[in-house]
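Undergrad: Sequence and predicted structure below; questions after.
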Amino acid sequence: MPPTCSQLMNRARGVLIAALLLWSATMAHAKTYYVSQSAGDDKWGGEAAAPDGKTGPWKTLARASKETYTPGDKILLKRGDTWNEELRPLGSGTPDKPVLIGSYGDGNKKPVIDREDFKKDLIGIHLVDQEGFKIVGIEFNRCLTGVYAEYAAGSPDRKYLWIEDCYFHDSLLYQQYQDYPKRKIGIGLCLFSHETKNKIVASDITVKNCEFRRLASGIWTNSPDNFNKNKGNIYNFGNFVVEDCLFEEGYQWQLGMRGVAGGAVRRCVTHDIGRNFRAFNGVAGAMFHRCKNWVFEDSEWGYISIGLGSGDGQAFDFESNCDHMKMKNCLFHDTDGAAMLLCCYASGPEAHKDILIENCVLNGKCKRPIRPNNRCEIFNTTDWNEAKWKDCRFYVSKGNVLMHVADPEKEKRSTFENVVVRKLSDACTSPNLSAKAKYTASTEVVGSEAATLNAAKPTVWKASKEADQWLQIEFPAPTAINEFKIKEDPSSSVSRYVIECWDDKAGRWVGCFNGLDIGAEFIAPIVGRTTTKARLLIKHTTKGAPAIVAFEAYNDTTQGKNLNASGK
């Protein structure tokens, strides 16, 4: 006889009660531990933020590293305190109940793990064969490796590592590192797999809203065979997401991703890489090596330098066999080498497959040929690399070509669909959209007001302060823009700026172009967008307040066309 409706309801009620009891028991078990270098004592139990006569916060990370943590536990470090120690917690969490390493206390300062000498092999947070960790709001200073997570050969798939709102900075040690894991290079976050087989040992990794500054490299994934060009199709990591991160003033690859199956890079900026540095095997904003099934969206790579004589100098580097990679709405600009490198053979046994680059802008300004007489926007090692360029815009500088193929083949697998190829010198020749716009500014000097920039006899806008000043254009209606022109007064010395457009739907400013020097005239193509206002946000000057002669917006409407596999 089938159960009655009442019986079914009673069963469902029983299942719900059992689930609630299980959840309640789990949450009751979760504990919060506090660590304060300034006010703690390792003799206390660690379960109170301030001493209460019975317990109080621990003092050292060494004490916090002796505890075995379970799902839902929290390790909170006091804001404003600094430790020169490694935190190596025991235990694991789960994806739905991770162990949280976070902060507590008043103020905006993050707790700091400062190892004081990045030339020594010292780590900030060290995880070994663990999963279910969430690290939020920690600063890592002068660590050879800020967060180091390693996984043994034969390890099961360790799931969930989340790193958010962390600041990794000042670790510029750079040495020959082919024998990694002998750590010889300064990295913000490194995941290392000791597995040599095609087996996932760590997945569901997220890095969000973090800043990586003055590091030899920002994020690495690595394994013993990653530098063996005869080992293809080995994937030890899966589902790696990097969102809303800034990589700046670094030395080499700020994303050095090897052997990762599945991932995404969204709304990230990589800027000013390789300056005053010499790499033994080249500089790139990002290097993806033996990866597959990635998506890149709304991100920017710019100002990649060969420094003191490094090789390459490209914004983005696809190495070895990278398959099923999709890029959309990305900007690549101001590179000493090609804007993009599609490289195989030298670093792996197979060509790339199914790379789609859509609605992207390449403006490399290549200064250094990878080989003699081949300055180009795209350096392609072989025609067998499968890359499709769709709805893209290419700005080619004088003396450059669109693409150079090092090893031509009869079978050509690159395609160019509805692309615009322009001389950079022809940019900003369409009507000036700022002519009837309203100019305003953060501050201004009397006689050098922003409002006069589009007058019949324009003057110069000069701010009354130095850093974080802005000059804004407000359009009478939503306006499509894909190019900007900036002119700086000879008295001014802008050294870092961002062009931003207002996102009416989100109600916030969105970065469209990150720049360094401006000079007499600078052309900045962007990924096209429609906006009601744009602004030039000046972050730094070398000396004195900024002074701008012109900040103008344009929208080039040149129609795209299909090119042959050689890019002609």
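TA: Received the coordinates, thanks. Residues are numbered from 1 along each chain as shown.

Undergrad: care to break this structure down by domain?
TA: Structurally, the chain divides into domains by automatic domain parsing as follows: 225-426, 438-554.

Undergrad: Could you identify the helix or strand that succeeds the helix or strand bottoming out on mean pLDDT in the chain?
TA: Between all helices and strands in the chain, the lowest mean by mean pLDDT, DSSP states H and E belongs to helix 5-29, at a mean of 53. Proceeding N to C from helix 5-29, the next assigned helix or strand is strand 32-35, under DSSP states H and E.

Undergrad: continuing past that following strand, what's the next helix or strand?
TA: helix 61-64.

Undergrad: Parallel or antiparallel, which strands does whichever helix or strand comes after that next one pair with?
TA: Counting by DSSP H and E, the next helix or strand C-terminal to helix 61-64 is strand 68-69. Sheet neighbours of strand 68-69, with direction, are listed as strand 90-91 (parallel) (DSSP bridges).

Undergrad: Skip ahead from the partner strand and say which helix or strand is next.
TA: strand 99-104.

Undergrad: mind listing the strands for the stretch 451-568 of the chain?
TA: 461-462, 469-488, 494-503, 508-515, 522-541, 547-554, 561-563 (DSSP state E, counting those that start in this stretch).

Undergrad: Which among the ones you listed is found nearest to Gly364?
TA: Comparing the strands of the stretch 451-568 of the chain against Gly364 with C-beta to C-beta, the closest turns out to be strand 522-541 (11.2 Å). Glycine gets a C-beta too; all of them are placed from N, C-alpha and C.

Undergrad: partners of the closest one, with directions?
TA: Assessed with DSSP bridges, strand 522-541 is paired to strand 469-488 (antiparallel), strand 494-503 (antiparallel).

Undergrad: need these in TSV with distance to Arg88 and mean neighbour count, can you?
TA: Output for these, formatted as TSV (distance: least, C-beta to C-beta, whole Å; neighbours: other C-beta atoms under 10 Å):
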stretch	distance to Arg88	mean neighbour count
strand 469-488	44	19
strand 494-503	37	20
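
Undergrad: now the ones you listed as JSON lines including distance to Leu308 and mean pLDDT?
TA: Putting the strands paired with strand 522-541 into JSON lines (distance: least, C-beta to C-beta, whole Å; pLDDT from 0 to 100) gives the following:
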{"stretch": "strand 469-488", "distance to Leu308": "27", "mean pLDDT": "97"}
{"stretch": "strand 494-503", "distance to Leu308": "20", "mean pLDDT": "98"}
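
Undergrad: how about CSV for these, with distance to Asp426 added?
TA: Formatted as CSV, those follow (distance: least, C-beta to C-beta, whole Å):
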stretch, distance to Asp426
strand 469-488, 10
strand 494-503, 20
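
Undergrad: between the ones you listed, which gets nearest to Asp121?
TA: Closest among the strands paired with strand 522-541, using C-beta to C-beta: strand 494-503, at 32.5 Å.

Undergrad: between that closest one and strand 547-554, what angle do the directions make?
TA: Calculated by axes from the mean of the first three to the mean of the last three C-alpha atoms, to 10 degrees, strand 494-503 forms an angle of 40 degrees with strand 547-554.

Undergrad: what sits up against strand 494-503?
TA: For strand 494-503, contacts defined as C-beta atoms under 8 Å, 6 or more residues apart in numbering pick out 481, 484, 488, 508-518, 524, 526, 529, 531-542, 546.

Undergrad: residues contacting Gly186?
TA: Gly186 neighbours (C-beta under 8 Å, 6+ apart): Phe118, Cys143, Leu144, Thr145, Ser171, Leu172, Leu173, Tyr174, Leu215, Ala216, Ser217, Tyr251.

Undergrad: nearest to Glu195, of those?
TA: Thr145 (19.3 Å).

Undergrad: Surely the closest one is in contact with Leu191?
TA: No - the pair Thr145 and Leu191 does not pass the contact test of C-beta atoms under 8 Å, sitting 10.4 Å apart.

Undergrad: Kindly point out which residues are neighbours of both of the two.
TA: Here Thr145 and Leu191 have no joint contacts, going by C-beta under 8 Å, 6+ apart.

Undergrad: need the domains of the chain in JSON lines with distance to Gly132, can you?
TA: Shown next, in JSON lines, are these (distance: least, C-beta to C-beta, whole Å):
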{"stretch": "domain 225-426", "distance to Gly132": "15"}
{"stretch": "domain 438-554", "distance to Gly132": "32"}
